[in-house]
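Novice: I would like to see how this sequence folds:
(one chain, ligands or ions: 2)
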Amino acid sequence: HAAEAQRTDLMTITRHVLNEQGRHPESRGDFTILLSHIVLGCKFVASAVNKAGLAKLIGLAGETNVQGEEQKKLDVLSNEVFVKALVSSGRTCVLVSEENEEAIFVDPALRGKYCVCFDPLDGSSNIDCGVSIGTIFGIYMIKDKDNVTLGDVLQPGTDMLAAGYCMYGSSCTLVLSTGNGVNGFTLDPSLGEFILTHPNIKVPKKGKIYSVNEGNAKNWDAPTAKYVEKCKFPQDGSSPKSLRYIGSMVADIHRTLLYGGIFLYPADQKSPNGKLRVLYEVFPMSFLMEQAGGQAFTGKQRALELAPTKLHERSPIFLGSYDDVEEIKALYASEA
Ligand code: AHM
Ligand code: MG
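Specialist: Ligands and ions are numbered 1, 2, ... in the order given. I've put the predicted structure just below:
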């Protein structure tokens, strides 16, 4: 269709965020600029992920290619891309990345008011076999511009301003919440633009899927074990749930948001705090799930109310459809 080929009235992510900011004139475009730098990082990584298999042709990670440059591993490369994109936005002051032991304090000349916690390329075990991976990010505001401290990123998740992820999958999808619901955008590779394709995502109230690494079952605590048993052998006449587990948090959460159900990374005897990291995995995903009408629970409390004391702190996490999380909350409450 000629008419379709000429459609430029699409809702791009920039246009969407500018519209949303109409409600907050005081932010004067700073957030839009920050987000456009995050989007640039996502596009760069999407393009690198698409070519990942080809890296073999030009040399393995750690080796040098014909130009004499060292091939970077995709996760190392993605981290560099996001750090540069965020710093050069001129809108950030503290960055926390899964790939960096310490927080990065942006040079005062380039400082802005936002803090960003991110996992540049999550789902590392899936990189080399072409399965979906993603970037996760959470955004905060600094408290005092003249006195930037670690306390600016060690805030409870309830203080988060915005969160999102980008999934590098069969298509490249960016899901974002600025605290006013959740919206999904798909990258149109021919335009290089993220287009609003999933407006106002709401997670189904109850789902038919559970998602967990069952290989850890022998080390689970009683409420988790009981919950998974109920998924498989329901006693109330309902049908058993289906199991789906990709092992990439972004992909498992994306499916949960769209289809409903529950994702669990519980504590176990070997990892009493679970595996997933509070600042750049648990918080952003919990924020999105709540904004979509679902819940996120740690086994003890609402996940967003955690008050982290360390940058790379971990927490058990149960998140997804409202009713499904209610069930696991009841099991933990009866245990206590
Ligand atoms: P990573 O940061 O090393 O990639 O680990 C995080 C990933 C998540 O994407 C995923 O939910 C989880 O690890 C899967 O862990 P497991 O392989 O133990 O099931
Ligand atoms: Mg990770």
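Novice: contacting residues for residue 179?
Specialist: 160-162, 291 (C-beta atoms under 8 Å, 6 or more residues apart in numbering). All C-beta atoms are positioned from the backbone trio N, CA, C, and that covers glycine.
Novice: Okay, and the beta partners of the nearest residue to residue 167 once chain neighbours are set aside?
Specialist: Nearest residue to residue 167 in three dimensions, chain neighbours excluded: residue 134, at 4.4 Å (C-beta to C-beta, 6 or more residues apart in numbering). Taking DSSP bridges as the rule, residue 134 bridges to residue 122, residue 167.
Novice: and residue 134, how many neighbours?
Specialist: Residue 134 has 29 neighbouring residues, counting by other C-beta atoms under 10 Å.
Novice: and residue 199, how many neighbours?
Specialist: Residues lying near residue 199 (other C-beta under 10 Å) number 12.
Novice: again but with residue 188, I slipped
Specialist: What residue 188 shows, counting by other C-beta under 10 Å, is a neighbour count of 15.
Novice: Please determine how far the residue lying closest to it once chain neighbours are set aside is located from ligand 1.
Specialist: Leaving aside its sequence neighbours, residue 188 sits nearest to residue 195 (C-beta to C-beta, 6+ apart; 5.5 Å). Using C-beta to the nearest ligand atom, to the nearest Å, residue 195 is found at 26 Å from ligand 1.
Novice: so residue 195 touches residue 10, yeah?
Specialist: Yes: using C-beta atoms under 8 Å, residue 195 is in contact with residue 10, at 5.0 Å.
Novice: So which residues on the stretch 101-250 of the chain come close to ligand 2?
Specialist: 119, 122 (C-beta under 5 Å from the ion).
Novice: Which stretches in this structure count as strands?
Specialist: Secondary structure of the chain (DSSP state E): strands at 92-97, 104-105, 111-122, 133-141, 162-168, 172-177, 183-188, 193-198, 209-211, 242-243, 262-265, 295-297, 317-320.
Novice: can you tell which of the ones you listed is closest to residue 17?
Specialist: strand 172-177 (7.9 Å; C-beta to C-beta).
Novice: For the closest residue to residue 199 other than its chain neighbours, list the residues it contacts.
Specialist: Once flanking residues are discounted, residue 199 sits nearest to residue 183: 5.6 Å by C-beta to C-beta, 6+ apart. Neighbouring residues of residue 183 by C-beta under 8 Å, 6+ apart: 16, 175-177, 196, 198-201.
Novice: buried ones in the helix ranked longest in the chain?
Specialist: Assignment by DSSP state H gives helix 30-50 as the longest helix of the chain. Within helix 30-50, the residues scored as buried using 16 or more other C-beta atoms under 10 Å are 30-46, 48-49.
Novice: swap in stretch 122-133?
Specialist: Buried residues in stretch 122-133, counted by 16+ other C-beta under 10 Å: 122-123, 126-127, 132-133.
Novice: Of the contacts of residue 179 - the most surrounded one?
Specialist: Busiest of these [other C-beta under 10 Å] is residue 162, holding 26 neighbours.
Novice: and that one, how far is that from ligand 1?
Specialist: 21 Å.
Novice: do the same with residue 298
Specialist: Relative to ligand 1, and taking C-beta to the nearest ligand atom, residue 298 is found at 15 Å.
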